[in-house]
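Student: A predicted structure for the sequence below; I have some questions about it.
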There are 2 protein chains.
Amino acid sequence: MDDARTMLATAVAEARAGLAEGGIPIGAALYGPDGRTVLGRGRNRRVQDGDPSMHGETAAFRAAGRQRTYRGTTMVTTLSPCWYCSGLVRQFGISRVVIGEARTFHGGHDWLAEHGVEIVLLDDPECVALMTDFVAARPDLWNEDIGA
Amino acid sequence: MDDARTMLATAVAEARAGLAEGGIPIGAALYGPDGRTVLGRGRNRRVQDGDPSMHGETAAFRAAGRQRTYRGTTMVTTLSPCWYCSGLVRQFGISRVVIGEARTFHGGHDWLAEHGVEIVLLDDPECVALMTDFVAARPDLWNEDIGA
């Protein structure tokens, strides 16, 4: 669990940077099989780039560039991955997903678990606070980001 | 079916442009509820941009920019959408997917149909030929693109 907490700190730093930019505070990182090497990190960029395709997880995946395999990698994200980002994890065979919280949004992580992805749900109070505050302040933006 | 064929021509043009650039020949477009307005169009950009997150469908979605709703929209793609792109369709509530072919790759379109997305599978010979030829020529690139 210690490595999961360390990974989560990277994702939280991305989420906080996104919030400071006026963006949606969701951050993520893709870690290599050693659990220490950051292959890519990123944050939701809907507001910053006007790009609806860049969720936190997809931004981290993009930042990692082309990889021959994702076996053994971990995607860490501050929030339960939506269907889009869950599909990413399943398609590319990312082995593990570390999730900050799933209280404010419950995405596709149960589906991923059914398909053999290891899920670590941390229920982190800082992640919950980040999203709770954001959804209360900008429900319009949040709903836009999940197509609701 | 006529509008589906017209839409597919847009996706095929994108796929052909991608092939000419040395890329993976998969193209897509997002059409508005009127079935005529192209909100965004794009093609797989793994090779061209070194960007694994840009599949044909995600490129078209990105090109459409921020939208308040995807209700009534159609995603047309030359190839059955992978889990990543199927997740995109489900998360954002895209109403319909027009698919050029599902012979060379069978992605998540049955899952989408189960979740209420209208699926139009055209089994188009030109789309089949594009992918059959490409997979035979560059199996390495194709496997990389689907995380296989």
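Tutor: Ah, there it is.
Student: endpoint to endpoint, stretch A:48-61 covers what distance?
Tutor: By C-alpha to C-alpha, to the nearest Å, the extent of stretch A:48-61 from end to end equals 18 Å.
Student: hmm, I typed the wrong one, I wanted stretch A:48-56.
Tutor: End-to-end distance for stretch A:48-56, by C-alpha to C-alpha: 12 Å.
Student: just the buried positions in it, please.
Tutor: A:D51, A:P52, A:S53, A:M54, A:H55, A:G56 (16 or more other C-beta atoms under 10 Å in any protein chain shown). Glycine gets a C-beta too; all of them are placed from N, C-alpha and C.
Student: show the backbone phi and psi for the last one.
Tutor: Right, the one you point to is A:G56. The phi/psi pair for A:G56 (degrees, to the nearest 10) reads phi -60, psi -50.
Student: tell me the confidence at it?
Tutor: For A:G56, the pLDDT comes out at 98.
Student: how about it, what does it touch?
Tutor: A:G56 makes contacts with A:11, A:14-15, A:18, A:26-28, A:42-44, A:77-79, A:85, as judged by C-beta atoms under 8 Å, 6 or more residues apart in numbering or on different chains.
Student: 10 Å - rerun?
Tutor: Residues counted as contacts of A:G56 (C-beta atoms under 10 Å, 6 or more residues apart in numbering or on different chains) are A:11, A:14-15, A:18, A:23-29, A:41-45, A:75-79, A:81-82, A:85.
Student: ok, now the third one?
Tutor: By C-beta under 10 Å, 6+ apart, the contact list for A:S53 reads A:45-46, A:59, A:62, A:84, B:40, B:42, B:53-55, B:57-65, B:88, B:92.
Student: that one - nearest residue in space that isn't next to it in sequence?
Tutor: Nearest residue to A:S53 in three dimensions, chain neighbours excluded: B:R62, at 4.0 Å (C-beta to C-beta, 6 or more residues apart in numbering or on different chains).
Student: for the one you found, list the residues it contacts.
Tutor: A:49-54, A:58, B:30, B:40, B:42, B:45, B:53-54.
Student: would you turn these into JSON lines with secondary structure and distance to B:V97?
Tutor: Below are the contacts of B:R62 laid out as JSON lines (DSSP: H, G, I helix; E, B strand; the rest coil; distance: C-beta to C-beta, whole Å):
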{"residue": "A:D49", "secondary structure": "helix", "distance to B:V97": "26"}
{"residue": "A:G50", "secondary structure": "coil", "distance to B:V97": "24"}
{"residue": "A:D51", "secondary structure": "coil", "distance to B:V97": "22"}
{"residue": "A:P52", "secondary structure": "coil", "distance to B:V97": "18"}
{"residue": "A:S53", "secondary structure": "coil", "distance to B:V97": "17"}
{"residue": "A:M54", "secondary structure": "coil", "distance to B:V97": "22"}
{"residue": "A:T58", "secondary structure": "helix", "distance to B:V97": "19"}
{"residue": "B:L30", "secondary structure": "strand", "distance to B:V97": "10"}
{"residue": "B:G40", "secondary structure": "strand", "distance to B:V97": "15"}
{"residue": "B:G42", "secondary structure": "strand", "distance to B:V97": "15"}
{"residue": "B:R45", "secondary structure": "coil", "distance to B:V97": "20"}
{"residue": "B:S53", "secondary structure": "coil", "distance to B:V97": "19"}
{"residue": "B:M54", "secondary structure": "coil", "distance to B:V97": "18"}
